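J.: Can you look at this prediction? I've put the sequence above it.
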Amino acid sequence: MDGGVLKMNRIMYVSFLCIGLLFICVLGGCGDKSQNIKTSDKTATLPAVEVVSKDKIIPNGGASLDKIKGLIVQYLKDEGFKGDIQSKVSIDEITIKEAWENLRVQLYKVKLEYASIDGVAVVKDDKLLSMIEGMPVFEIFLADIDRDSKYEIYVNTSFGSGIVSSDVSGYNIATNTKYYMSKRMAKDFKSFIKDNELLVKEYRYGTLRSDFDTSNEIKALKIEKDKLVLENSTYGFAIYKVKAESVRKALTYGSVKNGEYISGGKKYLSELEIEDTPLFTDRDIEKYNFKTNTIVFNAEFLKKHALAKDELEALIKSKELAKNGVLRLSLYGGSKLLGCSDSEAVVVTVGEDRIYSSGFVLAACWSRLPPEITIGDSDLNSITISSQTDLKYLIQDKRIHDFFKKIGKLEE
């Protein structure tokens with residue numbers, strides 16, 4: 001009996017020891033420092049970063065520049081390039097700590113002008129994994145699009161002579177997969193970082209580097225079956241314009257019973273037809289005051305809407321506006337900052353959830369009742385959302401509060 005108890009105690013001891021060691025490994029990462037990069041709260045993935053020269057490092061334990069140059073020269077020869085590559089190729093290390101700590105890779109900018117070679121070499125364990133090429137390569141990014149906690153590398157490139165396309169190329173280091181996204185002579189693309197996320201602006205072909213066409217759509221990157229594709233971005237917070245055929249329904253919250261109007265009738269938000277691209281998103285917002293329901297826009301948004309801001313300022317100076325909770329546009333109504341009239345409507349969303357719909361402040365010349373929820377310009381850089389009835393609970397939905405608190409833009 002005592003021997004059996006002793007044996008049982010040993011088994012329990014070994015079991016608890018194993019559990020304890022496993023617990024330590026989970027907490028301490030078992031000494032693996034490759035996952036020191038913090039994840040983004042908003043995207044639940046690694047925060048995207050741009051690879052820029054001012055942030056470059058010389059990794060301790062990395063391959064020497066002479067070693068890397070030999071690998072690149074041999075690679076170019078194997079690709080069929082002739083001439084004096086050894087003396088003509090220029091190589092500059094652009095490794096940043098995120099690339100080294102997360103993947104133990106080194107990055108190099110490579111140029112061979114007589115062969116029109118411009119690209120980024122990816123090196124690991126003294127081996128050249130891949131070269132991402134362009135004519136030339138512009139901005140370079142690290143991002144975790146496939147959300148495996150391992151960075152991929154993406155670049156803005158252009159290709160062609162005479163007919164030039166602006167494209168996005170990528171390389172998945174973990175899976176050794178190359179990506180190339182192009183719609184030559186149809187669309188131009190340019191990737192950029194916003195709130196730790198790598199996004200893509202889609203331009204009408206030939207207008208990306210011009211000043212006469214600023215229209216573009218912002219898309220999210222996604223990897224599907226080893227291909228890089230674009231999809232409409234699901235924003236944390238966004239306001240969409242309602243299409244004309246749905247405006248009347250969007251502005252009606254109440255119902256009429258026995259000739260009396262009763263606020264708070266059933267709302268069919270899912271039936272409203274809205275535009276594909278939002279008027280603005282949380283990426284355009286500096287802060288959200290939850291007490292006053294005021295949205296303050298950031299400098300980037302205001303720069304894009306400079307004309308509207310100038311018109312609004314001119315109206316204030318000419319005393320066309322009187323401040324009373326929101327700026328009442330006595331002649332125009334609507335919102336100058338958003339470019340909306342007082343006959344339009346919008347839908348407010350958080351993620352994929354539609355929270356409520358709203359109209360705009362009416363011009364003074366109208367004798368009709370205002371919408372139950374209205375949006376109006378409250379300053380040169382902000383709008384305020386207000387309720388004329390008992391619908392404040394819709395404006396102050398917990399999902400809105402929690403989202404802006406999460407991204408650090410909430411003001412209470």
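T.: That came through, no problem.
J.: What ranges does the stretch 101-250 of the chain have for its strands?
T.: With DSSP state E, counting those that start in this stretch as the criterion, the stretch 101-250 of the chain has strands at 106-112, 117-124, 127-134, 137-143, 152-159, 165-172, 177-181, 187-194, 197-204, 216-224, 227-232, 237-241.
J.: pull the helix or strand with minimum mean pLDDT from this structure.
T.: Lowest by mean pLDDT, DSSP states H and E among the helices and strands of the chain is helix 2-28, with a mean of 43.
J.: Show me how the chain divides into domains.
T.: Partitioning the chain according to automatic domain parsing yields domains covering residues 49-232, 237-411.
J.: Can you redo the ones you listed as TSV, where the extra columns are mean neighbour count?
T.: Using the backbone N, CA and C atoms, a C-beta is placed for each residue, glycine as well. Shown next, in TSV, are the domains of the chain (neighbours: other C-beta atoms under 10 Å):
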stretch	mean neighbour count
domain 49-232	16
domain 237-411	17
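J.: Turn those into TSV, including mean pLDDT.
T.: Below are the domains of the chain laid out as TSV (pLDDT from 0 to 100):
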stretch	mean pLDDT
domain 49-232	87
domain 237-411	81
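J.: what's the next secondary structure element after the least confident helix or strand of the chain?
T.: Sequence-wise, the next helix or strand downstream of helix 2-28 (DSSP states H and E) is strand 49-50.
J.: and the helix or strand just after that next one with strand 106-112, angle?
T.: Using DSSP H and E, the helix or strand that follows strand 49-50 in sequence is helix 65-78. In terms of direction (axes from the mean of the first three to the mean of the last three C-alpha atoms, to 10 degrees), helix 65-78 departs from strand 106-112 by 50 degrees.
J.: how about helix 65-78 as CSV, C-alpha atoms only?
T.: C-alpha atoms of helix 65-78 as CSV (Å, rounded to 0.1, in the frame of the first residue of the first chain):
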residue,chain,number,x,y,z
LEU,A,65,28.1,43.3,-46.1
ASP,A,66,30.9,41.6,-48.2
LYS,A,67,29.1,38.2,-47.7
ILE,A,68,25.8,39.7,-48.8
LYS,A,69,27.2,41.4,-51.8
GLY,A,70,28.7,38.1,-53.0
LEU,A,71,25.2,36.5,-52.6
ILE,A,72,23.5,39.2,-54.6
VAL,A,73,26.1,39.3,-57.4
GLN,A,74,25.8,35.6,-57.8
TYR,A,75,22.0,35.8,-57.8
LEU,A,76,22.1,38.5,-60.6
LYS,A,77,24.5,36.3,-62.6
ASP,A,78,22.2,33.3,-62.2
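J.: what's next to that helix, contact-wise?
T.: Helix 65-78 has contacts (C-beta atoms under 8 Å, 6 or more residues apart in numbering) with 85-86, 89, 91, 93, 106, 108, 110, 112, 115, 117, 121, 123, 126-128, 131.
J.: Just want the phi and psi numbers for residue 116.
T.: Per-residue torsions, residue 116: phi 60, psi 40 (degrees, to the nearest 10).
J.: typed the wrong thing, it's residue 341
T.: Per-residue torsions, residue 341: phi -90, psi 170 (degrees, to the nearest 10).
J.: And the nearest residue to it once chain neighbours are set aside, how close does it get to residue 345?
T.: Of all residues not flanking residue 341 in the chain, residue 334 sits nearest, at 4.2 Å (C-beta to C-beta, 6 or more residues apart in numbering). According to C-beta to C-beta, to the nearest Å, residue 334 stands 11 Å off from residue 345.
J.: Good, we can wrap up now.
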